[in-house]
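>>> A predicted structure for the sequence below; I have some questions about it.
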Amino acid sequence: MQNKNPLVTIITVVRNAEDTIARTISSALNQKNVSFEVLVWDGLSTDRTVEQIKTFGDRVRFYSGKDSGVYDAMNKAFPLAKGKWILFLNADDYFLHPLALEKLLIPTSDPKVDYVCGEAKMLFGLKRWKPKTLTDFDFFIGNPSNHQAYLCKKDIYTKLNGFNIKFRYSADVDFMFRVIQKGYLGKSIQEPVVHYSLGGLSTKNVGKGVSELESIMAHFLNSDLEFAREARLVFHEGRYPRKSFLVNLASRKLSESQWRQILLYFGSKVSAESTSFASKLFSFFKVFLINMIKKAVFLILSLLPKRVL
């Protein structure tokens with residue numbers, strides 16, 4: 001039976017995920033010590049997804065309708081939520097344990113907190129996706145948080161008009177950047193709360209997703225794509241910055257919080273030109289190896305017919 005006045009609404013949007021939807025919903029319904037509801041939006045599935053959802057009866061608020069993709073489905077679903085807080089849990093992801101939602105809610109005891117980010121596990125728990133700074137320095141890095149571990153007030157989704165559906169793969173990043181830009185306060189917990197399954201839309205289209213991400217970064221950095229791309233490679237991938245990048249960076253009008261994080265990151269200004277050959281070589285092969293492993297994983301995922309990881 002659904003809670004009439006839930007504190008949190010867990011939303012799952014789905015289309016054709018008959019093999020994983022029951023696991024996702026079960027992990028949500030198993031949450032303890034929190035007043036919550038589970039809301040599922042189905043985008044007219046053609047497999048046994050709806051049949052699986054209906055086995056949960058009135059423990060799930062179920063809606064079905066046409067949508068133009070994941071983010072459009074999310075936009076249709078969040079206004080239906082009764083909870084003060086919303087968490088989107090994709091149809092092949094799941095909470096790691098029954099106290100995950102309770103853990104995420106701990107920082108909300110501070111009334112100034114508007115959103116909370118936890119960690120996500122990937123690749124059978126071999127990799128942890130940790131929240132970034134949750135400041136406008138993230139505009140230089142990329143995705144501030146795994147979206148399945150992102151708990152946010154419903155009224156923020158309403159005020160910001162939800163997701164910009166012109167972005168097919170990274171509208172969640174655009175939304176989180178807008179939340180930061182508007183000055184909303186976020187906190188993080190250093191604990192995994194969800195399992196993020198690879199093989200979905202974004203991981204099967206990683207090249208297009210990265211291009212879209214860099215376009216979003218360029219917009220928020222008020223820069224061209226080249227600067228946004230190098231910022232991501234430097235601050236996220238660990239590449240040594242070129243002198244021209246540092247000069248460009250130093251000439252920009254940045255916020256105090258951005259400069260603070262930049263100085264913390266560099267310690268002292270370094271560049272590819274002023275770094276020893278051995279250090280540059282080590283850095284090159286480290287970044288190259290990591291990127292090759294990523295490409296191999298995403299290539300395998302693109303060939304898989306199902307979301308299996």
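On my side now, so go ahead.
>>> for the stretch 51-200 of the chain, what spans make up the strands?
61-64, 85-88, 94-95, 115-122, 127-129, 150-153, 186-195 (DSSP state E, counting those that start in this stretch).
>>> looking at those strands, which has the lowest confidence?
Note on the strands of the stretch 51-200 of the chain: lowest mean pLDDT is at strand 127-129, with a mean of 88.
>>> Run the chain-centre distance for it.
Computed by C-alpha atoms, centre = their mean, to the nearest Å, the chain-centroid distance of strand 127-129 equals 12 Å.
>>> Can you mark which positions in that strand are buried?
Trp129 (16 or more other C-beta atoms under 10 Å). The C-beta positions use only the backbone N, C-alpha and C, and glycine is treated the same way.
>>> Okay, now the unreliable bits of the stretch 51-200 of the chain?
Low-confidence segments of the stretch 51-200 of the chain, defined by pLDDT under 70: 124-125, 199-200.
>>> now the stretch 201-309 of the chain
Ranges of the stretch 201-309 of the chain meeting pLDDT under 70: 201-207, 268-309.
>>> Same list, the strands of the stretch 51-200 of the chain, but as TSV with distance to Leu105 please.
Shown next, in TSV, are those (distance: least, C-beta to C-beta, whole Å):
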stretch	distance to Leu105
strand 61-64	20
strand 85-88	8
strand 94-95	13
strand 115-122	7
strand 127-129	20
strand 150-153	7
strand 186-195	10
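>>> Packed most tightly, which of those would that be?
Most buried of those by mean neighbour count (mean count of other C-beta atoms under 10 Å) is strand 85-88; its value is a mean of 25.
>>> What pairs with that one, parallel or antiparallel?
With DSSP bridges as the test, strand 85-88 is paired with strand 8-14 (parallel), strand 150-153 (antiparallel).
>>> and Gly183, backbone torsions?
phi 90, psi 10 (degrees, to the nearest 10).
>>> Quick one: residues contacting Leu105.
Leu105 makes contact with 7-8, 34, 85, 116, 151, according to C-beta atoms under 8 Å, 6 or more residues apart in numbering.
>>> same question, Gln52
18, 21-22 are the contacts of Gln52 under C-beta under 8 Å, 6+ apart.
>>> re earlier: and of the strands paired with strand 85-88, who's closest to Tyr169?
Set against Tyr169 and scored by C-beta to C-beta, the strands paired with strand 85-88 come closest in strand 8-14, at 14.9 Å.
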